[in-house]
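**Student:** Sequence and computational prediction follow.
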2 protein chains.
Amino acid sequence: MIDEPTGGDLSRLRQLNAATVLRVLRADQPLTLTELSRRAGLSRASTEDVARDLLGRGWVTEVAPAAGTVGRPARRYRFHAEAGRLLGVDIGGHKVLALVTDLEGEVLHQARIAVAPELGRRERLAVLDKCVADALAGAGVERSQIWSTGVATTGLVDGTGKVMLSDSLPEWTGVDLAAHLRRLVPGPVRVENDCKLAALAESWRGVARYAKDVVFLLAGLRTGAGLIIDGKLHRGFANWSGEIGALPAAGWLRAPEHLRNWLGADDSGDDVERVFLAARDGDREAMRAVRGYVRDIAVGASALVLTLDPEVVVIGGGFSRSADVLVEPLRRELDRWCLRTPEIRVSAFADLGVALGAVRLALEQVESTVYNGLKP
Amino acid sequence: MIDEPTGGDLSRLRQLNAATVLRVLRADQPLTLTELSRRAGLSRASTEDVARDLLGRGWVTEVAPAAGTVGRPARRYRFHAEAGRLLGVDIGGHKVLALVTDLEGEVLHQARIAVAPELGRRERLAVLDKCVADALAGAGVERSQIWSTGVATTGLVDGTGKVMLSDSLPEWTGVDLAAHLRRLVPGPVRVENDCKLAALAESWRGVARYAKDVVFLLAGLRTGAGLIIDGKLHRGFANWSGEIGALPAAGWLRAPEHLRNWLGADDSGDDVERVFLAARDGDREAMRAVRGYVRDIAVGASALVLTLDPEVVVIGGGFSRSADVLVEPLRRELDRWCLRTPEIRVSAFADLGVALGAVRLALEQVESTVYNGLKP
DNA sequence: TATAGTTATTCAGGACTCCATCAATAACCT
DNA sequence: AGGTTATTGATGGAGTCCTGAATAACTATA
């Protein structure tokens, strides 16, 4: 959050203290000055000073005092989440999803538009524009109120917000999403790969909240991974981290074949669910197909786990709806290969995870400017 | 380095400033006050104040003014590396190595004792004691001058400094090295796995100095890995990171067989070098053996690279002496599997790398206490 | 209903750290 | 010996934090 705690000016100290007060306040909501000062490690007097300052800048607001307490009722403050809005967008193969949230990441409105995977670039961008407009309208928010935007997309993304490579959407390669979004909304725009953002969401407010090191598996017809290392999203030198699936020995390329074979010729994407349903009902062939799928997935997953030794593995993506059929076999397979099998948890975000990660990306941007500067 | 930049007291600001001045000073050595103030971002007056403070505490010393400059010669300061000593120990299968350094990590003396791999636990610990004593005597340093100690050992280490598992030295499992060393020297003692520390050394003052993400491969009859992620040593939840070798699909278990087969029945460890020499001389069979070895190693290495997308891969360990025969084939194999092949570099530490990593571990301990507190 | 008890708030005084500025000082070069 | 250049030292002012005493608001109890 803070770039370099290099010390310096007196005002720098005030900045740091203001930042901690804000952080404490955001950790749990309405606090009295005395509580605040205790948790921030400052004297009451200074805390008051800082609070007045933050109040003036619009970062915090006052809440009605709590009733029914002994003594003079204390003023209570909370983080002013309504001061600005965040936009998080998930551009997937089958849908575009836009979330408008407050500065806490609380979702105010979501808009969703289904699209065909074979849709062209221009048309997809048009859908994106429409979806963002819908979300803003639904939340009753002007474009100008958006402080920061996060965008998730399939494919690998470079540092500037351009899509470098997308094998599921060939037409998508080369799109400069950051530039496109910047025309729509003010404030910074950051773009990132969908797996990575789903991982970020899980470590932010998902099932991996308290873990420092997390492996997130996006399980679907496409298999992907996102890594949280030391509490932060790991990107790597050229943003190609987590691409273990490219290694044939990892088994991820072959894995979905087991499911497709069971389905037969009709390979329409949405039908894959049927295998899991059948397996749950005890269909022998379906169970075998699922087992084969898991066995293949598990090799790559084990490679990730053995490399990083994470605290928890999170299963997300389309197949996570059928996680009850997947988790136990996966655990058994990981037990087979790993020195220490991490906890396995299933995402609880349904198909919102990626978009929430995008929101988190937007929020990180805001936090980084807040915590060193407190300018806005 | 700094736990929580929580701000707080006025004295905290002074601490931060003192820490930055020290950091600046350590980055490159003798500096005048004006230079120091410029780089630390403080006013000259404050810098002087801080410098006087640090001088009084023994953290910096004065150097003779530079001659041949115009104007009044400025006082020059440098980090007082002689204020304390560090001890770094590498306990390997075939040798015990102890380094005594100053606070910059400059080696004052090294002591080395060769041991047989089959040596028992008590005897090995006795050798360790001897080696430490030799190193101290050779450097002319009293035990009491040692501020901090780092220990590298084969096998996996738990958080308290106990060896949890060592397959190369079965008798070693369960040894409480931290406790043992604490009886020998004052100050904190930290213990870590040898691969991890070799990686740390490379990112500290080795060939991976400027990289944020590094995969270090310890190539020898045993293959291992250490990971630097975001500039820090990655340990994982239970300190089992980098153990990709446990996965059969990674090929690391099988890899040395290629070399052993060429060598024939006489499998004495030191002879492996012969394969590489023969391969360099053009022996067809030897070349085939080396190629097979590299092909197997490369699968696991690719798994690490694809997972993390590091900037550089460093080859260390016993075989790094023959790196000229290994690097090119390895690069070709990585090209085959990886989306982006990182730079490949060869360690320049010969067999000192692990011990230097141990020194770095000791130094980190000192830095963490220095930068928040400045007590000693 | 009045008073004691409890907790928050407000205010003033004191201490510490940093900065800007200016005069004094020291060494080197010509 | 004088000029040049840079450092050193001292002073005053500003910003921030802390402590402690006085005041304010509300509850509980007689």
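**Tutor:** All right, it came through fine.

**Student:** make it CA atoms for all contacts and neighbour counts henceforth
**Tutor:** Fine.

**Student:** Now do A:Arg331, the pLDDT please.
**Tutor:** Note for A:Arg331: predicted pLDDT of 95.

**Student:** Let me see the ranges of the strands in the stretch 51-200 of chain A.
**Tutor:** Assigned by DSSP state E, counting those that start in this stretch, the stretch 51-200 of chain A shows strands spanning A:60-63, A:76-79, A:85-91, A:95-102, A:107-114, A:146-153, A:156-157, A:163-165, A:189-193.

**Student:** Could you pick out the longest helix of chain A?
**Tutor:** Among the segments of chain A that qualify as a helix by DSSP state H, the longest is helix A:284-308.

**Student:** tilt between the helix or strand where A:Ser368 lies and strand A:107-114?
**Tutor:** Element membership for A:Ser368, per DSSP states H and E: helix A:353-371. Calculated by axes from the mean of the first three to the mean of the last three C-alpha atoms, to 10 degrees, helix A:353-371 forms an angle of 140 degrees with strand A:107-114.

**Student:** how far away is the residue located most distally from the centre of chain A from DNA strand D?
**Tutor:** Distance from the centre of chain A peaks at A:Gly71, with 43.7 Å (C-alpha atoms, centre = their mean). For A:Gly71, the distance to DNA strand D (C-alpha to the nearest atom of the strand, to the nearest Å) stands at 4 Å.

**Student:** For that residue, give its distance to A:Leu33.
**Tutor:** As for A:Gly71, its distance to A:Leu33 is 14 Å (criterion: C-alpha to C-alpha, to the nearest Å).

**Student:** Nearest residue to the residue of the stretch 201-350 of chain A found nearest DNA strand D in space, ignoring adjacent ones along the chain?
**Tutor:** Relative to DNA strand D, the nearest point of the stretch 201-350 of chain A is A:Gly231 (27.8 Å; C-alpha to the nearest atom of the strand). Spatial nearest neighbour of A:Gly231, chain neighbours left out: A:Lys212 (4.5 Å); criterion: C-alpha to C-alpha, 6 or more residues apart in numbering or on different chains.

**Student:** So which bits of chain A are right by DNA strand D?
**Tutor:** Within chain A, the positions adjacent to DNA strand D are A:10-11, A:13-14, A:17, A:41-47, A:49-50, A:67-73 by C-alpha under 7 Å from any atom of the strand.

**Student:** Would you show me how to pick out the buried ones of those residues in PyMOL?
**Tutor:** A single PyMOL command is used to select the members of the residues of chain A next to DNA strand D judged buried by 16 or more other C-alpha atoms under 10 Å in any protein chain shown:
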select buried, chain A and resi 13+14+17+41+42+44+47+50
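
**Student:** what subset of the residues of chain A next to DNA strand D is also close to DNA strand C?
**Tutor:** For DNA strand C, the contacts drawn from the residues of chain A next to DNA strand D by C-alpha under 7 Å from any atom of the strand are A:10, A:44-45, A:70-73.

**Student:** Show me the two of these that sit farthest apart.
**Tutor:** Across these, no pair lies farther apart than A:Leu10 and A:Val70, at 38.0 Å, counting by C-alpha to C-alpha.

**Student:** And the residue of the stretch 101-250 of chain A that's closest to DNA strand C?
**Tutor:** Closest point on the stretch 101-250 of chain A to DNA strand C, by C-alpha to the nearest atom of the strand, is A:Glu104, at 24.2 Å.

**Student:** quick one: low-confidence ranges for the stretch 151-300 of chain A?
**Tutor:** A:265-270 (pLDDT under 70).

**Student:** In the stretch 201-350 of chain A, what residue spans correspond to strands?
**Tutor:** Counting by DSSP E, counting those that start in this stretch, the strands of the stretch 201-350 of chain A are A:214-219, A:223-229, A:232-233, A:312-316, A:343-346.

**Student:** most neighbours per residue, which of those strands?
**Tutor:** Of all those, strand A:214-219 has the most neighbours on average by mean count of other C-alpha atoms under 10 Å in any protein chain shown, namely a mean of 28.

**Student:** That strand near chain B at all?
**Tutor:** No - among the residues of strand A:214-219, none lie within reach of chain B under C-alpha under 8 Å from any C-alpha of the partner chain; the closest is 9.6 Å away.

**Student:** could you list every residue that touches A:Trp59?
**Tutor:** A:79-81, A:83 (C-alpha atoms under 8 Å, 6 or more residues apart in numbering or on different chains).

**Student:** swap in A:Leu218?
**Tutor:** Taking C-alpha under 8 Å, 6+ apart, we find A:Leu218 in contact with A:195, A:224-226, A:315-318.

**Student:** which among the residues you listed gets closest to B:Ala199?
**Tutor:** Using C-alpha to C-alpha, those come closest to B:Ala199 at A:Gly226, 23.7 Å.

**Student:** Please verify my assumption that the closest one contacts A:Ala198.
**Tutor:** Yes - using C-alpha atoms under 8 Å, A:Gly226 is in contact with A:Ala198, at 7.3 Å.

**Student:** okay, and the common contacts of those two?
**Tutor:** Common contact partners of A:Gly226 and A:Ala198 (C-alpha under 8 Å, 6+ apart): A:Phe216.

**Student:** What residues does the stretch 251-376 of chain A have near chain B?
**Tutor:** So the stretch 251-376 of chain A meets chain B at A:299, A:302-304, A:306-311, A:337-340 (C-alpha under 8 Å from any C-alpha).

**Student:** What are the boundaries of the helices in the stretch 1-150 of chain A?
**Tutor:** Taking DSSP state H, counting those that start in this stretch to define them, one finds helices in the stretch 1-150 of chain A at A:10-27, A:33-40, A:44-57, A:121-139.

**Student:** Columns distance to B:Glu273 and mean pLDDT on top of these, output as a markdown table?
**Tutor:** Shown next, in a markdown table, are those (distance: least, C-alpha to C-alpha, whole Å; pLDDT from 0 to 100):
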| stretch | distance to B:Glu273 | mean pLDDT |
| --- | --- | --- |
| helix A:10-27 | 57 | 84 |
| helix A:33-40 | 60 | 86 |
| helix A:44-57 | 67 | 87 |
| helix A:121-139 | 57 | 94 |
